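> Sequence first, then the predicted structure:
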Amino acid sequence: MDVLLLSRIQFGFVISFHIIFPAFSIGLASWLAFLEWRWLRTGEQAWNDLYNFWLKVFAISFGMGVVSGIVMSFQFGTNWARLSEMAGNILGPLLSYEVLTAFFLEAGFLGVMLFGRQRVSPRVHFAATCLVALGTLVSTFWILAAISWMHTPQGFTRDAQGVFAPADWFEVIFNPSFTWRLPHMALAAFITTCFVIGGVGAWHLRRGVQPALALRMLKLAVGFAAIALPLQILIGDQHGLNTGKHQPIKLAAIEAHWHDGPPGEGVPLVLFAVPKEKAERNDYEIAVPRLGSLILTHSWDGQITPLTAVPPEDRPPVKIPFYAFRVMVGLGLAMLGLAFWSAWVWWRGGLARAVWVQRGWQLMSASGFVALLAGWWVTEVGRQPWVVYGLLRTADAVSPNLVAGEVLLSLGSYALVYAIIFGAGMWYLWRLLHKGPQPGAAAPTPEGGLKTPARPLSVAGEADIDEGARS
């Protein structure tokens, strides 16, 4: 347990926790914009009721995402000072653009969105909701531009000390993996939110809590999932081809592909195995001949670079990307099957009575988060041992003069504080979801006057807190 390993574990813990809330907020913001648009178009109270309900969930999720993001940014100075020194000329401006555009946009209109329904006209409020949703997507753009550059760097120069400097910002931002990583991540956020909405709708439908509103949520989730999931699979396929071209050793780790096979036999698709890194082989392997070539290269006898093409010190850990990728794909296929099954039942007019379909959505309501985290681990662990792929090793990016005991203490402190603070936030989120949408609910206002944007989490309302505590 040295400084490098502990720093990697700490960053992995913090970013894995953080990514859950921004991804959920990205999907919820666009969902709220859709709900308010439908309410303005139709004047139907049900759309307004759903908006009021999910607005409270969004406020808490957004607040927890901001807090966890601030903590994550500290580590660039404490644990990864060498990375900041070597690549700060590129990563610093990209992250600053995210703050200057996306975060200011979100912060500027978040108060109007959360507290302005009785202060501005409905159209102005809808514009604020749309701008907050746009801000979440702009934030995704800049964050993924920075991350993608670290995976497929281009448009830079290096001085004698190895410090990176931008040479062409267009090439830096629109690097080879960014084109597919951005839509893949955005759709992952939308699908994650979609399954939460569908799961909550199915849950309340089975409980008989506001069945009309619950059925509407479930139908909208089914319709979106049936369209978005096939699109996500197509984008993921192209993203995989891009990975094979620009990060071939990562792809080899994902597939636990150790050696080239005989010419003309192609690459098998390994469904399951126990990779043995020191022995450079797989035990208990279950594979389908040639299917790997067809999927990974779109050719019947195509080949991919094996792990043994590079020295062991240049290979990523194999087990994490290998298993995490299969978790992600397996959940994606299960989600697709549920979406198509639900759409078929809906087409036959039986969605409101299909108990097993509703149970399926309940069971899969958190599947998007699991798949999202699994995909993130594939991406980041598969990049190792490089922090800037092929150019700067992770071992050379950690802060000098760190002591393992200090990193272990900070990691334990993060885990303890997160368990207390965010555990309470998750508990309250569950209470809000358990209560469900309230028909005819007005815009949230506190006792004695209108709310101000001083405390974003207060949009949930004191009455909701009392009701959650009583339930």
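Perfect, thanks for sending it.
> show me where the stretch 351-471 of the chain has strands.
If DSSP state E, counting those that start in this stretch is used as the criterion, the strands of the stretch 351-471 of the chain fall at 386-388, 392-393.
> ok, and which of those strands has the densest surroundings?
Highest mean neighbour count of those: strand 386-388, a mean of 22 (counted as mean count of other Cβ atoms under 10 Å). For every residue, glycine as well, the C-beta is placed using N, CA and C.
> CA atoms only for stretch 171-185, dumped as CSV, please.
Taking Å, rounded to 0.1, in the frame of the first residue of the first chain, the C-alpha atoms of stretch 171-185 are listed here in CSV:
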residue,chain,number,x,y,z
GLU,A,171,-7.2,19.5,-32.0
VAL,A,172,-6.9,19.4,-28.2
ILE,A,173,-10.7,19.6,-27.7
PHE,A,174,-11.8,17.4,-30.6
ASN,A,175,-9.3,14.7,-30.1
PRO,A,176,-9.9,11.3,-31.6
SER,A,177,-11.8,9.7,-28.7
PHE,A,178,-13.9,12.8,-27.8
THR,A,179,-16.3,12.3,-30.8
TRP,A,180,-17.6,9.1,-29.4
ARG,A,181,-17.0,9.5,-25.7
LEU,A,182,-19.2,12.6,-25.5
PRO,A,183,-22.5,11.1,-26.9
HIS,A,184,-21.8,7.8,-25.2
MET,A,185,-21.5,9.5,-21.8
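> The strands of the stretch 351-471 of the chain: which one's closest to I295?
The closest of the strands of the stretch 351-471 of the chain to I295 is strand 386-388. By Cβ to Cβ, the value is 25.2 Å.
> Pull the residues that contact that closest one.
W80, L83, M86, A87, M150, P153, F164, L392, R393, T394, D396, A397 (Cβ atoms under 8 Å, 6 or more residues apart in numbering).
> next one: it to chain centre, how far?
Per Cα atoms, centre = their mean, to the nearest Å, the displacement of strand 386-388 from the mean C-alpha position of its chain is 21 Å.
> What of stretch 423-436?
Per Cα atoms, centre = their mean, the centroid offset for stretch 423-436 relative to its chain is 20 Å.
> do the same with stretch 345-361
Here stretch 345-361 is found 28 Å from its chain centre; the criterion is Cα atoms, centre = their mean.
> Endpoints of it, how far apart?
Using Cα to Cα, to the nearest Å, the end-to-end distance of stretch 345-361 comes out at 13 Å.
> per the record, what domains does the protein have?
Listed domain ranges for the chain are 1-175+403-471, 181-396 (source: automatic domain parsing).
> The contacts of strand 386-388, buried ones only, as a PyMOL selection?
A single PyMOL command selects the buried members of the contacts of strand 386-388 (16 or more other Cβ atoms under 10 Å):
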select buried, resi 80+83+86+87+150+153+164+392+393+394+397
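> now for stretch 348-364, what's the gap between its first and last residues?
Stretch 348-364 has an end-to-end distance of 22 Å (criterion: Cα to Cα).
> chain center to it: distance?
Its chain's C-alpha centre and that of stretch 348-364 lie 26 Å apart, by Cα atoms, centre = their mean.
> try stretch 108-115
Remark: stretch 108-115 is offset 24 Å from the chain centroid, using Cα atoms, centre = their mean.
> Repeat that for stretch 155-163.
Put simply, stretch 155-163 sits 32 Å off its chain's centre (Cα atoms, centre = their mean).
> how close does D283 sit to F272?
10 Å (Cβ to Cβ, to the nearest Å).
> A354 too?
If you measure A354 against F272 using Cβ to Cβ, the figure is 32 Å.
> Which stretches in the stretch 301-450 of the chain count as helices?
319-347, 355-363, 367-383, 404-435 (DSSP state H, counting those that start in this stretch).
> Show me the beta-bridge partners of A287.
Here A287 sits in beta bridges with V270, going by DSSP bridges.
> Look at it and say how many residues are nearby.
A287 has 17 neighbours, counted by other Cβ atoms under 10 Å.
> same check, this time on A127
17.
> same question, the one 4 residues further on
Around L131 there are 19 other residues, counting by other Cβ under 10 Å.
> go on, G208?
Neighbour tally, G208, other Cβ under 10 Å: 8.
> for this protein, what helix or strand is lowest in average pLDDT?
Sorting the helices and strands of the chain by mean pLDDT, DSSP states H and E puts helix 462-470 at the bottom, at a mean of 46.
> list the contacts for the residue nearest to I26 when sequence neighbours are not counted?
Once flanking residues are discounted, I26 sits nearest to A189: 4.0 Å by Cβ to Cβ, 6 or more residues apart in numbering. Going by Cβ under 8 Å, 6+ apart, A189 touches P22, A23, F24, I26, G27, T140, L372.
> okay, the contacts of strand 386-388 in a markdown table with distance to L215 and pLDDT next?
Formatted as a markdown table, the contacts of strand 386-388 follow (distance: Cβ to Cβ, whole Å; pLDDT from 0 to 100):
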| residue | distance to L215 | pLDDT |
| --- | --- | --- |
| W80 | 49 | 89 |
| L83 | 50 | 91 |
| M86 | 55 | 93 |
| A87 | 50 | 92 |
| M150 | 44 | 95 |
| P153 | 49 | 95 |
| F164 | 54 | 95 |
| L392 | 53 | 93 |
| R393 | 54 | 94 |
| T394 | 49 | 93 |
| D396 | 56 | 92 |
| A397 | 51 | 91 |
